[in-house]
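Trainee: just to be clear, the model below is a prediction. Sequence and coordinates:
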Amino acid sequence: MTEIFGVPTQALFGQLLIGLINGSFYALLSLGLAVIFGLLNIINFTHGAQYMMGAFVAYALLNRFGIGYWWALLVAPLVVGVTGVLIERTMLARLYKLDHLYGLLLTFGLALVIQGLFRHEFGSAGLPYQIPAQLQGGRNLGFMFLPNYRAWVIVASLAVCVGTWFVIERTKLGAYLRAATENPALVQAFGINVPRMVTLTYGFGVALAALAGVMAAPIYQVSPQMGADLIIVVFAVVVIGGMGSIMGAIVTGFGLGVIEGLTKVFYPEASNTVIFIIMAIVLMIRPAGLFGTAK
Amino acid sequence: MTHQRVAFLLMAAFFALAPAVIYPVFLMKVMAFALFACAFNLLIGYGGLLSFGHAMFFGIAGYVSAHAAKIWGFNPEFAILAAAGAAALLGFAAGLIAIRRQGIYFAMITLALAQMVYFFCLQAPFTGGEDGIQAVPRGMLFGVLDLRQVANMYGLVFAVFIAGFLLIYRVVHSPFGQVLKAIRENEPRAISLGYDTDRYKLLAFVLSAALAGLAGGTKALVFQLASLTDVHWTMSGEVVLMTLVGGLGTVFGPVVGALVIVAMANYLAQLGAWVAVVQGAIFVVCVLTFRRGIVGELGHWLKKPL
């Protein structure tokens, strides 16, 4: 067996792959957080719970209605996105004039409620979700074995991330969005319905989380707590990247996933904490984050 | 200020007399959490800094106090002091990092740092991992008072709580506290007036961490247990909830909030997952309609700050 730095290449590439997978989810989730934060100035603590809801909707679609993975990719984000729209209209909309911290507290409370309800309904044990038939199996790349589904997750999340970046940075709709981030009153004066845009943006961010949840369902088990610890790591990712740029969120997400995977190979004891350590170092050197702009 | 003096006497009388009718261990838990919430409130209520990771100080102090009392054979007073000291040190390190950002970022950073401390406690050998440190001896206070007797233990917790409460009251009403409030209201202005705001924020953070540690160290002796529950992010959320329910930035709010939330957790304990649901629902209701909290509303109604 070949070795690199005393580590078998199999293990190295295996962890690199896991790192890329985790990075895909970090990127998708921090992207959603960044989009929501940009327009609403709210850190969406419910994001982890909404990611979990996406996975559960996929699970319910399959087991209650016999609707498979591919439709779930479309339906689950829609369903969860609609609940997001309702949350924004009934609750978050009342908080925009207050200190932003209240938004954090409200969404934290919502996360507790949602996770508690799901735990009550489904128990804490993880539920299995089958990999769709088309993506089962894998291929031998010579230096490692690549399961098809994992390759799909990496490619699909990259595509979604780049697509979102394109819409926000390169289209007219995105221009409205960026303008409303800068100065909502002025954009409203130009006749654009900013409150509706805010609502839809929240729905879109939430749908991204649910999409990540569907993609995660066959890899991790579907369980009520699956998003609870993940969201804290994603917060750290967001602090490292800085909220300023969409591309920053994507690059940091994938990058940190890979670093975490490599840490598992070379120093497993620190694999849980490495992202937090990097956050501390980045804050000491560049408080605004790697891609952030100081305000 | 006389009404605050009256309120203080009422509170002290309540905790001094209540053990005659209420289960003392419950009251000791309330006082430990009340001190924890007061320490947290020092940051958010007066400094405007929302820490979402205060469990790291509370929890690590519990481990230090339990370890010192059980393994090193420290007297309880030194075990608790060691716990507060350890929490202050951790507060200094965490504070240096966290105060570099404000507002929402501060909350996310403290949460992330606390998660790091949680994983550290999960893996470090001296914490006992999932088991925690069990059967911690309460020991002899000053070598003479046997804390296995409930009355003595209660007296110690009462003294620690009152001392911590008065210290916070003193800090809030000192020139230092005034500068903190100025930073909360308008930090650039405070800087332009020549205050080194980072040093004030760091000192407030360390002080808050040390007091949270004092509470955590005492709680570990009361329950003779230090466990992962106290370092987990849910604990950070609970202390936020206590302060929010009682009233952010009020002197007595955190105490009332701790009483309400601990009592609720006691009654709902058999309901399992519903505890989180109820707590989350209280968060939502408080943020949407009840932002002043119980004591804040009372003070507003009496037209006197409590």
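Mentor: Ah, there it is.
Trainee: going forward, measure contacts and count neighbours with C-alpha atoms only.
Mentor: OK.
Trainee: quick one, strands of the chain?
Mentor: In the absence of a named chain, chain A is used. Per DSSP state E, chain A carries strands over the ranges A:3-4, A:7-8, A:138-140, A:145-147.
Trainee: could you do chain B instead?
Mentor: B:140-141, B:145-146.
Trainee: touching the last one from outside, list them.
Mentor: This points to strand B:145-146. By CA atoms under 8 Å, 6 or more residues apart in numbering or on different chains, the residues outside strand B:145-146 that reach it are B:139-140, B:152.
Trainee: returning to what we had before: in TSV: the strands of chain B, plus mean neighbour count and mean pLDDT.
Mentor: Below are the strands of chain B laid out as TSV (neighbours: other CA atoms under 10 Å in any protein chain shown; pLDDT from 0 to 100):
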stretch	mean neighbour count	mean pLDDT
strand B:140-141	16	77
strand B:145-146	14	79
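Trainee: wait, which of the ones you listed is closest to residue B:187?
Mentor: Shortest distance between residue B:187 and the strands of chain B, using CA to CA, is found for strand B:140-141: 44.1 Å.
Trainee: and the residue nearest to the spatial centre of chain B, how far is that from residue A:224?
Mentor: Centroid check for chain B by CA atoms, centre = their mean gives residue B:36 as the closest residue, at 1.1 Å. To residue A:224, residue B:36 is 29 Å away according to CA to CA, to the nearest Å.
Trainee: then residue A:49?
Mentor: In terms of CA to CA, residue A:49 sits 8 Å off from residue A:224.
Trainee: what is the neighbour count of residue A:162?
Mentor: Counted by other CA atoms under 10 Å in any protein chain shown, the residues lying close to residue A:162 total 15.
Trainee: next, count neighbours for the residue nearest to residue B:282 when sequence neighbours are not counted.
Mentor: Leaving aside its chain neighbours, residue B:282 sits nearest to residue A:109 (7.5 Å; criterion: CA to CA, 6 or more residues apart in numbering or on different chains). A count of neighbours around residue A:109, defined by other CA under 10 Å, yields 27.
Trainee: mind listing what residue A:109 touches?
Mentor: Contacts for residue A:109 (CA under 8 Å, 6+ apart) come out as B:279-284.
Trainee: and the nearest residue to residue A:226 once chain neighbours are set aside, what is it in contact with?
Mentor: In this structure, residue A:226 finds its nearest non-sequential neighbour in residue A:52, 6.1 Å apart by CA to CA, 6+ apart. Residue A:52 makes contact with A:210, A:213, A:222-227, according to CA under 8 Å, 6+ apart.
Trainee: ok, so what distance separates residue A:52 from residue A:252?
Mentor: 22 Å.
Trainee: dump the strands of chain A to TSV, plus mean pLDDT.
Mentor: Shown next, in TSV, are the strands of chain A (pLDDT from 0 to 100):
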stretch	mean pLDDT
strand A:3-4	68
strand A:7-8	74
strand A:138-140	82
strand A:145-147	86
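Trainee: ok, which of those comes nearest chain B?
Mentor: strand A:7-8 (23.6 Å; CA to the nearest CA).
Trainee: how far off centre is that closest one?
Mentor: 31 Å (CA atoms, centre = their mean, to the nearest Å).
Trainee: stretch B:62-77 too?
Mentor: Distance of stretch B:62-77 from its chain centroid, counting by CA atoms, centre = their mean, is 20 Å.
Trainee: in that stretch, what's buried?
Mentor: B:62-70, B:74-77 (16 or more other CA atoms under 10 Å in any protein chain shown).
Trainee: residue A:156: which of those residues is nearest?
Mentor: Taking those together and measuring to residue A:156 by CA to CA, the closest member is residue B:63, at 44.7 Å.
Trainee: got a list of what the nearest residue to the closest one once chain neighbours are set aside touches?
Mentor: Here the nearest residue to residue B:63 in space, its sequence neighbours aside, is residue B:226; by CA to CA, 6+ apart that works out to 5.3 Å. Contact analysis of residue B:226 by CA under 8 Å, 6+ apart lists B:59, B:62-63, B:66, B:132-134, B:220.
Trainee: mind doing that once more with 6 Å?
Mentor: B:62-63, B:132-133, B:220 (CA atoms under 6 Å, 6 or more residues apart in numbering or on different chains).
Trainee: how close does it sit to residue B:138?
Mentor: 13 Å.
Trainee: run a quick neighbour tally on residue A:171.
Mentor: 12.
Trainee: swap that for residue A:98, sorry
Mentor: 9.
Trainee: these two touch, right, residue B:245 and residue B:258?
Mentor: No: with contact defined as CA atoms under 6 Å, residue B:245 does not reach residue B:258; the gap is 8.5 Å.
Trainee: out of the buried residues of stretch B:62-77, which comes closest to chain A?
Mentor: residue B:63 (19.6 Å).
Trainee: number of nearby residues for residue 241?
Mentor: Picked chain A for this. With other CA under 10 Å as criterion, residue A:241 counts 27.
Trainee: wrong chain, I was asking about chain B
Mentor: Residue B:241 - counted by other CA under 10 Å - has 25 other residues nearby.
Trainee: let's see the pLDDT reported for it.
Mentor: Note for residue B:241: predicted pLDDT of 94.
Trainee: how about residue B:66: what's its closest non-neighbour residue?
Mentor: With CA to CA, 6+ apart, the residue lying closest to residue B:66 is residue B:136, at 5.8 Å.
Trainee: ok, that neighbour - contacts?
Mentor: Per CA under 6 Å, 6+ apart, neighbours of residue B:136: B:66, B:70, B:224-225.
Trainee: now do 7 Å
Mentor: With contact taken as CA atoms under 7 Å, 6 or more residues apart in numbering or on different chains, residue B:136 is in contact with B:66, B:69-70, B:221, B:224-225.
Trainee: please apply the same query to residue B:213.
Mentor: Per CA under 7 Å, 6+ apart, neighbours of residue B:213: B:57-58, B:61, B:83-84, B:87.
Trainee: can I get these in JSON lines with pLDDT, distance to chain A and neighbour count?
Mentor: Compiled in JSON lines, the contacts of residue B:213 are given as follows (pLDDT from 0 to 100; distance: CA to the nearest CA, whole Å; neighbours: other CA atoms under 10 Å in any protein chain shown):
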{"residue": "B:57", "pLDDT": "96", "distance to chain A": "17", "neighbour count": "35"}
{"residue": "B:58", "pLDDT": "96", "distance to chain A": "19", "neighbour count": "32"}
{"residue": "B:61", "pLDDT": "95", "distance to chain A": "20", "neighbour count": "38"}
{"residue": "B:83", "pLDDT": "95", "distance to chain A": "23", "neighbour count": "34"}
{"residue": "B:84", "pLDDT": "96", "distance to chain A": "23", "neighbour count": "30"}
{"residue": "B:87", "pLDDT": "96", "distance to chain A": "18", "neighbour count": "31"}
